[in-house]
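Q: Sequence and predicted structure are below.
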Amino acid sequence: MRGTPAVSRPVLFLDVDGPLIPFGAAGGYLAYEDDEGRGAPGGAALADGGHPLLSRADPALGPRLAALPCELVWATTWMDDANLSLSPRLGLPELKVVDWAGPDHEDGRGETHWKTPGLVAWAAGRAFVWVDDEITAADRVWVRAHHPGPALLYRVDARVGLREADFPVLDAWLREHGTRPSARPEELGGR
(Lines give C-alpha, C1' and ligand atoms only; values in the text may rest on other atoms or scores of the structure.)
Protein backbone atom coordinates (compact mmCIF):
# COMPACT_ATOMS: atom_id res chain seq x y z
CA MET A 1 0.00 0.00 0.00
CA ARG A 2 1.33 3.39 -0.93
CA GLY A 3 1.20 6.29 1.44
CA THR A 4 1.48 9.93 0.67
CA PRO A 5 4.92 10.72 -0.77
CA ALA A 6 7.19 12.55 1.63
CA VAL A 7 7.68 16.25 1.09
CA SER A 8 11.31 17.18 1.46
CA ARG A 9 13.17 20.42 1.19
CA PRO A 10 14.97 20.95 -2.08
CA VAL A 11 18.75 20.68 -2.11
CA LEU A 12 21.04 23.50 -3.18
CA PHE A 13 24.38 22.10 -4.34
CA LEU A 14 26.98 24.83 -3.97
CA ASP A 15 30.35 25.04 -5.66
CA VAL A 16 33.05 27.24 -4.11
CA ASP A 17 35.49 28.38 -6.80
CA GLY A 18 33.58 30.76 -9.05
CA PRO A 19 30.28 31.15 -7.21
CA LEU A 20 31.72 32.09 -3.79
CA ILE A 21 35.32 32.86 -4.66
CA PRO A 22 35.35 34.74 -7.96
CA PHE A 23 38.37 34.46 -10.25
CA GLY A 24 39.51 35.16 -13.78
CA ALA A 25 38.57 38.82 -14.23
CA ALA A 26 41.07 41.24 -15.72
CA GLY A 27 40.73 43.66 -12.78
CA GLY A 28 41.24 43.12 -9.08
CA TYR A 29 38.78 41.84 -6.50
CA LEU A 30 37.45 43.18 -3.25
CA ALA A 31 39.05 41.60 -0.21
CA TYR A 32 36.68 41.00 2.71
CA GLU A 33 37.77 40.58 6.30
CA ASP A 34 36.41 37.73 8.37
CA ASP A 35 34.83 38.11 11.83
CA GLU A 36 38.29 38.33 13.44
CA GLY A 37 39.31 41.15 11.11
CA ARG A 38 41.56 38.91 9.05
CA GLY A 39 41.67 39.53 5.36
CA ALA A 40 44.07 38.98 2.55
CA PRO A 41 44.31 42.19 0.55
CA GLY A 42 45.55 41.50 -2.94
CA GLY A 43 45.14 37.75 -2.52
CA ALA A 44 48.11 37.32 -0.15
CA ALA A 45 48.13 34.18 1.96
CA LEU A 46 46.13 34.49 5.16
CA ALA A 47 48.10 34.73 8.39
CA ASP A 48 46.53 31.49 9.65
CA GLY A 49 47.75 29.59 6.56
CA GLY A 50 44.31 29.47 4.92
CA HIS A 51 43.52 29.58 1.24
CA PRO A 52 44.96 32.77 -0.31
CA LEU A 53 41.72 33.59 -2.15
CA LEU A 54 39.34 33.19 0.83
CA SER A 55 39.28 36.94 1.25
CA ARG A 56 37.29 37.14 -2.00
CA ALA A 57 34.38 35.32 -0.37
CA ASP A 58 31.86 37.95 0.72
CA PRO A 59 30.70 37.12 4.28
CA ALA A 60 27.30 38.68 3.44
CA LEU A 61 26.61 35.69 1.17
CA GLY A 62 26.35 33.36 4.18
CA PRO A 63 23.14 34.82 5.67
CA ARG A 64 21.63 35.09 2.17
CA LEU A 65 22.36 31.42 1.50
CA ALA A 66 21.14 30.33 4.95
CA ALA A 67 17.84 32.16 4.38
CA LEU A 68 17.05 30.13 1.24
CA PRO A 69 14.34 27.46 1.77
CA CYS A 70 16.57 24.47 1.08
CA GLU A 71 19.21 22.13 2.37
CA LEU A 72 22.62 23.59 1.51
CA VAL A 73 25.20 21.01 0.44
CA TRP A 74 28.81 21.59 -0.61
CA ALA A 75 29.38 20.35 -4.17
CA THR A 76 33.04 21.23 -4.52
CA THR A 77 36.44 19.66 -4.79
CA TRP A 78 37.17 21.46 -1.51
CA MET A 79 35.21 18.63 0.13
CA ASP A 80 35.30 18.96 3.97
CA ASP A 81 37.75 21.86 3.70
CA ALA A 82 34.74 23.98 2.72
CA ASN A 83 33.31 23.35 6.19
CA LEU A 84 36.65 24.07 7.86
CA SER A 85 37.60 27.21 5.94
CA LEU A 86 34.55 28.70 4.31
CA SER A 87 31.55 27.87 6.51
CA PRO A 88 32.91 29.80 9.52
CA ARG A 89 33.87 32.74 7.31
CA LEU A 90 30.32 32.89 5.91
CA GLY A 91 28.61 32.17 9.23
CA LEU A 92 27.18 28.90 7.94
CA PRO A 93 26.83 25.72 9.98
CA GLU A 94 28.69 22.62 8.95
CA LEU A 95 27.06 21.45 5.71
CA LYS A 96 26.79 18.03 4.15
CA VAL A 97 29.38 17.43 1.45
CA VAL A 98 28.95 15.50 -1.79
CA ASP A 99 31.56 12.75 -1.67
CA TRP A 100 32.94 12.55 -5.18
CA ALA A 101 33.82 9.16 -6.50
CA GLY A 102 36.16 11.05 -8.83
CA PRO A 103 35.89 11.89 -12.49
CA ASP A 104 35.50 8.90 -14.75
CA HIS A 105 36.15 9.85 -18.32
CA GLU A 106 35.08 6.39 -19.55
CA ASP A 107 31.49 6.54 -18.26
CA GLY A 108 29.85 7.52 -21.56
CA ARG A 109 28.53 10.88 -20.41
CA GLY A 110 30.12 12.80 -23.31
CA GLU A 111 30.50 16.52 -22.65
CA THR A 112 28.62 16.35 -19.35
CA HIS A 113 30.52 17.76 -16.35
CA TRP A 114 32.00 15.04 -14.15
CA LYS A 115 29.98 16.32 -11.14
CA THR A 116 26.60 15.92 -12.85
CA PRO A 117 25.97 12.16 -12.34
CA GLY A 118 27.04 12.37 -8.69
CA LEU A 119 24.71 15.27 -7.96
CA VAL A 120 21.75 13.53 -9.58
CA ALA A 121 22.50 10.39 -7.57
CA TRP A 122 22.85 12.39 -4.34
CA ALA A 123 19.55 14.21 -4.93
CA ALA A 124 17.80 10.85 -5.32
CA GLY A 125 14.73 12.39 -6.95
CA ARG A 126 14.55 15.47 -4.73
CA ALA A 127 14.21 18.89 -6.32
CA PHE A 128 17.62 20.52 -6.53
CA VAL A 129 19.49 23.61 -7.60
CA TRP A 130 23.11 23.32 -8.65
CA VAL A 131 25.09 26.58 -8.45
CA ASP A 132 28.36 26.32 -10.36
CA ASP A 133 30.41 28.21 -12.92
CA GLU A 134 31.01 25.22 -15.21
CA ILE A 135 27.45 24.14 -16.08
CA THR A 136 26.77 23.63 -19.78
CA ALA A 137 23.87 22.69 -22.02
CA ALA A 138 25.13 19.09 -21.95
CA ASP A 139 24.59 19.00 -18.17
CA ARG A 140 21.02 20.25 -18.56
CA VAL A 141 20.26 17.56 -21.14
CA TRP A 142 21.81 14.85 -18.94
CA VAL A 143 19.86 15.95 -15.85
CA ARG A 144 16.56 16.05 -17.78
CA ALA A 145 17.20 12.50 -19.00
CA HIS A 146 18.33 11.04 -15.66
CA HIS A 147 16.62 12.96 -12.85
CA PRO A 148 12.90 12.39 -12.17
CA GLY A 149 12.43 15.56 -10.13
CA PRO A 150 12.72 19.25 -10.87
CA ALA A 151 16.21 20.71 -11.19
CA LEU A 152 17.64 24.17 -11.79
CA LEU A 153 21.20 24.23 -13.05
CA TYR A 154 22.23 27.79 -12.25
CA ARG A 155 25.42 28.92 -13.94
CA VAL A 156 27.32 31.73 -12.24
CA ASP A 157 29.94 33.84 -13.99
CA ALA A 158 33.21 32.93 -12.23
CA ARG A 159 34.53 36.44 -12.77
CA VAL A 160 31.85 37.96 -10.49
CA GLY A 161 30.48 35.08 -8.40
CA LEU A 162 27.05 35.00 -6.77
CA ARG A 163 25.43 38.43 -6.71
CA GLU A 164 22.45 39.95 -4.94
CA ALA A 165 20.41 39.66 -8.16
CA ASP A 166 20.84 35.85 -8.11
CA PHE A 167 19.07 35.35 -4.78
CA PRO A 168 15.50 36.27 -5.83
CA VAL A 169 15.77 33.80 -8.71
CA LEU A 170 17.05 31.01 -6.46
CA ASP A 171 14.53 31.79 -3.70
CA ALA A 172 11.54 31.82 -6.08
CA TRP A 173 12.54 28.52 -7.70
CA LEU A 174 13.14 26.84 -4.34
CA ARG A 175 9.80 28.05 -2.96
CA GLU A 176 7.96 26.85 -6.05
CA HIS A 177 9.53 23.40 -5.90
CA GLY A 178 9.82 23.01 -2.14
CA THR A 179 6.26 21.85 -1.63
CA ARG A 180 6.26 19.09 -4.21
CA PRO A 181 6.49 15.48 -3.09
CA SER A 182 9.89 13.94 -3.55
CA ALA A 183 10.30 10.76 -5.53
CA ARG A 184 10.32 7.66 -3.36
CA PRO A 185 13.55 5.61 -3.40
CA GLU A 186 11.71 2.51 -4.62
CA GLU A 187 10.42 4.51 -7.58
CA LEU A 188 13.98 5.46 -8.46
CA GLY A 189 15.39 1.96 -8.31
CA GLY A 190 16.75 2.46 -4.76
CA ARG A 191 19.57 4.50 -3.43
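A: Looks like it came in fine.

Q: all strands for the chain, in order.
A: 11-14, 71-74, 96-97, 128-132, 151-155 (DSSP state E).

Q: Just put the ones you listed in CSV and tack on distance to residue 62, mean pLDDT and mean neighbour count.
A: To be clear about C-beta, it is placed using only N, CA and C from the backbone, and glycine gets the same treatment. Supplementary listing: the strands of the chain in CSV, determined by distance: least, CB to CB, whole Å; pLDDT from 0 to 100; neighbours: other CB atoms under 10 Å:
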stretch, distance to residue 62, mean pLDDT, mean neighbour count
strand 11-14, 11, 98, 25
strand 71-74, 10, 98, 19
strand 96-97, 16, 97, 15
strand 128-132, 14, 98, 24
strand 151-155, 18, 97, 20
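
Q: Which of those sits closest to residue 27?
A: With CB to CB as the criterion, residue 27 lies closest to strand 151-155 of the strands of the chain, at 21.3 Å.

Q: and for the closest one, what are the contacting residues?
A: Strand 151-155 is contacted from outside by 120, 123, 127-135, 139-140, 143-144, 166, 169-170, 173, 177, using CB atoms under 8 Å, 6 or more residues apart in numbering.

Q: Select only the buried ones of those residues in PyMOL?
A: Command for PyMOL that selects the buried part of those, burial taken from 16 or more other CB atoms under 10 Å:
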select buried, resi 120+123+127+128+129+130+131+132+133+135+139+140+143+166+170+173+177
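
Q: Can you give me every residue that contacts residue 150?
A: Listed by CB under 8 Å, 6+ apart, the contact set of residue 150 reads 10, 127-128, 177, 180.

Q: Among those residues, which one sits closest to residue 156?
A: The closest of these to residue 156 turns out to be residue 128 (CB to CB; 15.6 Å).

Q: hang on, that closest one packs against residue 9?
A: No. Shown here, residue 128 and residue 9 do not form a contact pair, counting by CB atoms under 8 Å, at 10.2 Å.

Q: Now do the same for residue 171: its pLDDT.
A: Looking at residue 171, its pLDDT stands at 97.

Q: Next, the contact list for it, please.
A: Contacts for residue 171 (CB under 8 Å, 6+ apart) come out as 67-69.

Q: rewinding a little: which two of the contacts of residue 150 have the greatest separation?
A: 128 and 180 (11.9 Å).

Q: okay, and the common contacts of those two?
A: By CB under 8 Å, 6+ apart, residue 128 and residue 180 have these common neighbours: 149-150.

Q: So which of the contacts of residue 150 are in helices?
A: Residues of those located in helices (DSSP state H): residue 177.

Q: Among the contacts of residue 150, which one lies nearest to residue 76?
A: Set against residue 76, the nearest of those by CB to CB is residue 128 (15.1 Å).

Q: Quick check: closest non-adjacent residue to the closest one.
A: Distances taken as CB to CB, 6 or more residues apart in numbering place residue 11 nearest to residue 128, at 4.2 Å, with adjacent residues excluded.
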